[in-house]
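Undergrad: what follows is a protein structure lacking sequence information:
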DNA sequence: TTATTCATGTAATTTGTTACATGATTCT
DNA sequence: AGAATCATGTAACAAATTACATGAATAA
């Protein structure tokens, strides 16, 4: 988390609010943080000398603008270049799906349908973001966004097929379908 | 978390150790828990009357076998049928990737290569699990597993292409490639 | 005989969320 | 006038990890 904030501050000086806003239009589909974690993190980073802040009143509003220090930059690069440590991935819906056998068919279909509409919403959002961000982001940031688009497209087609098989009855068991590369 | 444990206990009576073992061969690719969260959760569930335990000494070893109560079953079904609440998904590697511009090319390629080998390892594990579990799991559990296989296959091909584009230089920017459906 | 698996658990810490509290400014 | 956005922050709580501590049984 602290490293993520340092990363955002390498893009320019920002307030906590700015960081949150930037996250929501760039990384929110795989990483998002609340103010309750951003502000305390910034304070801790300042205590450790990795960022510094300057308060200013811009158009009547108090803004506490943070910037990354040289030590902060070093720490950020140490993290980025360091060992990745098993990249965990989490996906809550799958846990429910794992236990769907306890649910009547209509409820399963309703749950999957709703999940699909969430997926479509994220897809749409990502496309808007890509449009808005074009030119401003570097290639790796564009690749990350691209990953998001591709991933949600994958999810969409997977769950569409799943829903279809639930409704129409599928020929063969899920794991032993004809045409499978086994 | 508590609901996940309840879910596992609907499959049969188990010890905390058993739950962890079952997780590792079924849901670990998207959900895994440590003993430090399983045992305290079981105690809380027992306090709330959702599970009950019986201690027995089997072949010299103390085993505290938990079973789900009727109230536990109700609670589990309430959760499963209830509102899903935005299914978050998290994927740490993407955060590093987002900032790859700060890293020299060799380090980026090394990181992606290593990540790919992790992905391949999980793929392999999932295939073994599918084989081992065939017949024992219900269709939704098989679908969940299938999702895992398909997802990791997607990851593999995505990052293989990414690595290829990094090495060979890609024709066009990531977001505006020829052949893209835009 | 030694390492691994089986088996249970606690304590400290980390990490983060949700809800609350406050208030000015700017858009409608 | 009122809603939304900009802006900062705290406090209570929740969830879970890591490391530690213990010990018997079994497989190599």
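TA: Structure received. Because the structure is a prediction, the values reported are computed rather than measured. Numbers count the residues shown, from 1 in each chain, chains lettered A, B, ... in the order given.
Undergrad: distance of residue A:36 from chain B?
TA: Noted for residue A:36: a distance of 16 Å to chain B, by CB to the nearest CB, to the nearest Å. Every C-beta, even on glycine, is put in place using the N, C-alpha and C of the backbone.
Undergrad: next, count neighbours for that residue.
TA: By other CB atoms under 10 Å in any protein chain shown, the residues close to residue A:36 number 8.
Undergrad: tell me the centre residue of chain A?
TA: The centroid of chain A falls nearest to residue A:30 when counting by CA atoms, centre = their mean (1.6 Å).
Undergrad: wait, that one sits on residue B:95?
TA: Yes - between residue A:30 and residue B:95 there is a contact under CB atoms under 8 Å: 7.3 Å.
Undergrad: burial of the spatially closest residue to residue A:155 that is not a sequence neighbour, as a residue count?
TA: With CB to CB, 6 or more residues apart in numbering or on different chains as the criterion, residue A:155 has its nearest non-adjacent residue at 5.0 Å, and that residue is residue A:119. A count of nearby residues for residue A:119, using other CB under 10 Å, gives 22.
Undergrad: hmm, who's touching the helix or strand of chain A with the lowest mean pLDDT?
TA: Comparing every helix and strand of chain A by mean pLDDT, DSSP states H and E singles out strand A:89-91 as the least confident one, with a mean of 85. With contact meaning CB atoms under 8 Å, 6 or more residues apart in numbering or on different chains, strand A:89-91 is reached by B:30, B:31, B:87, B:88, B:89, B:90, B:91, B:92.
Undergrad: again, 6 Å this time
TA: Applying CB atoms under 6 Å, 6 or more residues apart in numbering or on different chains, the contact partners of strand A:89-91 are B:30, B:89, B:90, B:91.
Undergrad: residues of it that come out buried?
TA: Within strand A:89-91, the residues that count as buried by 16 or more other CB atoms under 10 Å in any protein chain shown are A:89, A:91.
Undergrad: can you check stretch A:59-71 too?
TA: Residues of stretch A:59-71 classed as buried under the neighbour-count rule (16+ other CB under 10 Å) are A:63, A:65, A:66, A:68, A:69.
Undergrad: tell me how far that stretch is from the chain's mean position?
TA: Put simply, stretch A:59-71 sits 25 Å off its chain's centre (CA atoms, centre = their mean, to the nearest Å).
Undergrad: now stretch A:102-109
TA: Offset of stretch A:102-109 from its chain centre (CA atoms, centre = their mean): 29 Å.
Undergrad: enumerate the residues of chain A near chain B.
TA: Within reach of chain B by CB under 6 Å from any CB of the partner chain, chain A has these residues: A:4, A:7, A:30-31, A:80-81, A:87-95, A:97-103, A:107, A:130, A:138-144, A:146, A:154, A:174-175.
Undergrad: among those residues, which ones are in helices?
TA: Mapping the residues of chain A next to chain B onto helices (DSSP state H) picks out A:4, A:7, A:80-81, A:92-95, A:97-98, A:107, A:130, A:139-144, A:146, A:154.
Undergrad: tell me where chain A has strands.
TA: Using DSSP state E, the strands of chain A run over A:51-58, A:61-68, A:89-91.
Undergrad: what strands line up against the last one, and which way round?
TA: When you say that, I think you mean strand A:89-91. strand B:89-91 (antiparallel) (DSSP bridges).
Undergrad: can you give me the offset of the partner strand from its chain's centre?
TA: With CA atoms, centre = their mean, you get 11 Å for strand B:89-91.
Undergrad: equivalent analysis for stretch A:97-110, please.
TA: Distance of stretch A:97-110 from the chain centroid (CA atoms, centre = their mean) equals 27 Å.
Undergrad: ok, which residues in chain A are in contact with DNA strand D?
TA: Applying CB under 7 Å from any atom of the strand, we find that chain A lies next to DNA strand D at A:15-18, A:21, A:35-36, A:39-40, A:42-43, A:58, A:61-65.
Undergrad: how about 6 Å then?
TA: A:15, A:16, A:17, A:35, A:36, A:39, A:40, A:58, A:61, A:62, A:63, A:64 (CB under 6 Å from any atom of the strand).
Undergrad: from those, pick the one nearest DNA strand C.
TA: residue A:36 (2.3 Å; CB to the nearest atom of the strand).
Undergrad: got the contact list for the residue nearest to residue A:155?
TA: Residues near residue A:119 by CB under 6 Å, 6+ apart: A:152, A:155, A:156.
Undergrad: now with 10 Å, please.
TA: Neighbouring residues of residue A:119 by CB atoms under 10 Å, 6 or more residues apart in numbering or on different chains: A:93, A:151, A:152, A:153, A:154, A:155, A:156, A:157, A:158, A:159, A:160, B:87.
Undergrad: pLDDT score assigned to residue A:148?
TA: Model confidence at residue A:148, given as pLDDT, is 94.
Undergrad: for it, which residues are in contact?
TA: A:26-30, A:122-123, A:125-127, A:129-130, B:91, B:94 are the contacts of residue A:148 under CB under 10 Å, 6+ apart.
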